[in-house]
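>>> sequence and predicted structure, then a few things I'm wondering about:
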Amino acid sequence: MRPTITAFAASPDRGRGLARDMRVRWALEEVGQVYDVRLLTFAEMKEAPHLAMNPFGQIPTYEDDGLRLFETGAIILHIAERHDGLLPQESDARARAKAWMFAAVSSVEPWILELENTGFFERDKPWFQERMAAVEARLCRRLEALARWLDDREWLDGAFSAGDLMMVSVLQRIRGAELFGGFPGLAAYVARAEARPAYARAFAAQLAVYHASLG
Ligand code: GTB
């Protein structure tokens, strides 16, 4: 039985691997699990069958042998628990790798989303410049702490883990932002992760979907 995930039928990121199915594809590739993909239009994401799997009407979801999951953190933790390759065997190291997964989605990603949302939705407000500066400063403090931790480490805690997979997936969202230029260590960390063969296979798979959507 192979798992099925959902993804955009036509991703608004134009195949750049920024939609969140990419991190699930990457995790599945890292552990060598083949999978199927069900592609959804935006309308289908808001219809009852999909809302029964994800109440927020979003992708990705994950189905395997009767289990239905949403939220990439939960999906990737499930994959990592059931296969070798994404979590250390030793229990303390395993707990620390999970801590980095949570750090990615709860201590770093919210500041990145705040930056994006401010840029998208508040640009026309008279207080935009002041707010943007404050949002950037908050994000930079998180990035400085992360860069300090990484220092000359290859990965966050020993071998590459689901913690790195989540953290890199989160950081990719700001790769093009001017402020990320101030963090060459983090850029190199993202590049190291993207050089992994499993990442390349996942990226190619989502890009093929985007190219097919162009008709
Ligand atoms: N917390 C959830 C998780 O981690 O699973 C968030 C899931 C989520 O945000 N899904 C988005 C979605 O379904 C797709 S990835 N959005 C549609 C909707 O809410 O109606 C977010 C995303 C979308 C587009 C780009 N892009 O174009 O660059 C990047 C990321």
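In hand now; what should we look at?
>>> residue 102 reaches residue 73, doesn't it?
Yes - when contacts are counted by Cβ atoms under 8 Å, residue 102 is listed as touching residue 73 (7.3 Å). (C-beta placed from N, C-alpha, C; glycine too.)
>>> ok, these two, which is more surrounded?
residue 73 (17 against 13; other Cβ atoms under 10 Å).
>>> in which helix or strand does residue 39 reside?
Assigned by DSSP states H and E, residue 39 falls within strand 36-40.
>>> please apply the same query to residue 185.
Counting by DSSP H and E, residue 185 is part of helix 184-194.
>>> quick one: contacts of that helix?
143, 146-147, 150-151, 154, 160, 164-165, 168, 171-172, 175, 180-181, 199-200, 203 (Cβ atoms under 8 Å, 6 or more residues apart in numbering).
>>> got the buried residues for the following helix or strand past it?
The first helix or strand that comes after helix 184-194 along the chain, using DSSP H and E, is helix 197-213. Using 16 or more other Cβ atoms under 10 Å as the test for burial, helix 197-213 gives 198-199, 202-203, 205-207, 209-210.
>>> what's the closest of those residues to residue 137?
Among these, residue 199 lies closest to residue 137 (Cβ to Cβ), at 31.0 Å.
>>> so what's the closest one up against?
Counted by Cβ under 8 Å, 6+ apart, residue 199 has contacts 26, 29, 193.
>>> same check on residue 75?
5, 24, 27, 60-62, 69 are the contacts of residue 75 under Cβ under 8 Å, 6+ apart.
>>> again, only using 10 Å
3, 5, 20-21, 23-24, 27-28, 60-62, 64, 69 (Cβ atoms under 10 Å, 6 or more residues apart in numbering).
>>> do the same with residue 73
Residue 73 touches 23, 98, 101-102, 104-106, 109, 162, 166, counting by Cβ under 10 Å, 6+ apart.
>>> in the helix or strand harbouring it, what counts as buried?
Using DSSP H and E, residue 73 falls within helix 72-82. Using 16+ other Cβ under 10 Å as the test for burial, helix 72-82 gives 72-73, 75-80.
>>> ok, so of those, who is nearest residue 120?
Nearest to residue 120, judged by Cβ to Cβ, of these is residue 72 at 20.9 Å.
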